[in-house]
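1. based on what follows, work out the 3D shape:
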Amino acid sequence: PRIIHYAGFIKPWNDASCDLADVYWSYARQTPFYENLIQHLSGSSHNQIQVAQHERVIAEDNGLRRLVDPIAPIGSARREILKTVARAVEGRH
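-> Now for the predicted structure:
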């Protein structure tokens with residue numbers, strides 16, 4: 001494959017045993033972020049990767065999530081479309 005989209009729940013940067021993780025890590029070794037990725041994978045708290053937090057379109061405790069989660073799982077294209085529509089309706093971009 002020329003492009004690999006890790007669309008499932010298990011990602012190689014969280015679980016080195018997932019499908020095609022060897023391809024991901026072979027490219028990761030060539031980046032300046034390799035050490036940080038290894039620390040993240042090992043669960044080390046020292047110099048962990050900082051992930052930008054963003055405002056959720058639908059709050060965790062919102063009842064609408066019970067409806068949305070089964071039809072648009074986290075990470076799915078369907079969910080991304082719903083998020084875009086929700087932001088447009090609320091006037092956010």
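2. low-scoring pLDDT stretches of this structure, where are they?
-> For the chain, applying pLDDT under 70 flags the ranges 44-58, 92-93.
3. just the element for Leu82, please.
-> With elements taken from DSSP states H and E, the one containing Leu82 is helix 77-90.
4. for that helix, list every residue counted as buried.
-> When burial is assessed from 16 or more other Cβ atoms under 10 Å, helix 77-90 yields the following buried residues: Arg79, Leu82. No exception for glycine: its C-beta is placed from N, CA and C like everyone else's.
5. helices or strands next to it in the packing?
-> Under the contact criterion of 3 or more Cβ pairs under 8 Å, 6 or more residues apart in numbering; DSSP states H and E, helix 77-90 touches helix 64-71.
6. residue nearest the centroid of this protein?
-> Gly75 (6.4 Å; Cα atoms, centre = their mean).
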